[in-house]
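1. Dropping a prediction and its sequence here:
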Amino acid sequence: MAELFLVRHGQASFGTDDYDRLSPAGEQQGVWLGEYFAQQGLAFDRVICGTMNRHAQTVDAILRGMGREGAEIDRHPGLNEYDFHGLFAAAAHDYPDIARLAAGSMKAHFRALRQVLQLWSEDRLGESAPETWAHFQQRVADARAAIRHGGGRRVLTVSSGGPIAVTVQQVLAAPPSSAIALNLQIRNSSLSQFFFNADAFHLASFNGIPHLEDPERHALRTYG
């Protein structure tokens, strides 16, 4: 069977005007992950990411760590994160307490995000939501199909927490609520591994950070 290494992007720029770019810590996480791959003797037949800046920047950092700068990269919009700003805006009218909570600390933001995602998955945000939960699920499934049928025995893919969580949920045939719980556990630059062929997709490991196991690197175990 072929292997998929599905990686969440490195730490982005939470709390700034442009979340969609890596922080210096996120860059370092990506380089260290690439160095880990190189140390393990891993090479990839295909490299794929979403179309967001933080995805491409993470791929670049990983490839730099592997010494493979300039490798060909495919992009698939199905790997993009949901628009959390748009979801909070959609919730603001009917659920103002959630919007106020989201404006607080990072911890408060993630509590609010859990509530918004639950409302979204239950189709309770109305037509102002940037996309439906069903559409999000479908585009993630489409991205997985593109990976499955695109060739390559070992594939590296960089995405975001939401699509990774939904991929795990779909592969395990779990309820939507499990995707929400998984989403909020996925660490920056973490690695989830799958085995697949034309007929099946199997989860082998989830949310691993082997490149951050050294105690001197624990400060870069992040979620944002």
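-> Arrived safely, thanks for sending. Numbering: from 1, shown residues only.
2. Okay, now the unreliable bits of this structure?
-> For the chain, applying pLDDT under 70 flags the ranges 104.
3. Residue nearest the middle of it, spatially speaking?
-> Ser160 (1.8 Å; C-alpha atoms, centre = their mean).
4. Enumerate every residue touching that one.
-> By C-beta atoms under 8 Å, 6 or more residues apart in numbering, the residues touching Ser160 are 8-9, 50, 52, 54-55, 79-81. In this view, the C-beta of every residue, glycine as well, is placed from N, C-alpha and C.
5. Likewise for Leu79?
-> Applying C-beta under 8 Å, 6+ apart, the residues near Leu79 are 48-51, 55, 140, 143, 157-160, 163.
6. what do you get for Arg217?
-> Residues near Arg217 by C-beta under 8 Å, 6+ apart: 32, 211.
7. residue boundaries of the helices in the chain?
-> For the chain, the helices defined by DSSP state H cover 24-39, 53-66, 84-92, 96-102, 106-121, 133-149, 161-171, 176-183.
8. Just confirm Ala198 contacts Ile147, I think it does.
-> No - here Ala198 does not reach Ile147: they are 11.9 Å apart, not a contact under C-beta atoms under 8 Å.
9. Compare the two (neighbour count), which wins?
-> When neighbours are counted by other C-beta atoms under 10 Å, Ala198 and Ile147 differ, and Ile147 comes out ahead with 25 against 8.
10. Now do that one against Leu125, distance only.
-> Counting by C-beta to C-beta, to the nearest Å, the separation of Ile147 from Leu125 is 29 Å.
11. Pick out the most distant pair among the contacts of Ser160.
-> Greatest spatial distance in the contacts of Ser160: Arg8 and Asn80, 12.8 Å, computed using C-beta to C-beta.
12. And for Arg154, nearest residue in space, chain neighbours not counted?
-> Nearest residue to Arg154, sequence neighbours excluded (C-beta to C-beta, 6 or more residues apart in numbering): Glu3, at 4.8 Å.
13. residues in contact with the one you found?
-> Taking C-beta under 8 Å, 6+ apart, we find Glu3 in contact with 153-155, 193-196.
14. circling back to that earlier point, using CSV, lay out the helices of the chain together with distance to Ser189.
-> Formatted as CSV, the helices of the chain follow (distance: least, C-beta to C-beta, whole Å):
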stretch, distance to Ser189
helix 24-39, 4
helix 53-66, 7
helix 84-92, 19
helix 96-102, 24
helix 106-121, 17
helix 133-149, 19
helix 161-171, 11
helix 176-183, 16
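15. Leu212 is nearest to which of those helices?
-> Once the helices of the chain are compared by C-beta to C-beta, helix 24-39 is nearest, at 7.0 Å.
16. Can you give me the buried ones in the closest one?
-> Buried residues in helix 24-39, counted by 16 or more other C-beta atoms under 10 Å: 25-37.
17. cool, and stretch 141-158?
-> 143-144, 147-148, 152, 155-158.
18. So what would you say the end-to-end distance of it is?
-> In stretch 141-158, first residue to last residue: 15 Å (C-alpha to C-alpha, to the nearest Å).
19. Please apply the same query to stretch 45-57.
-> For stretch 45-57, the end-to-end distance is 19 Å (C-alpha to C-alpha).
20. which outside residues touch that stretch?
-> 9-10, 12, 19-22, 26-27, 30, 58-59, 63, 71-81, 146-147, 150-160, 163.
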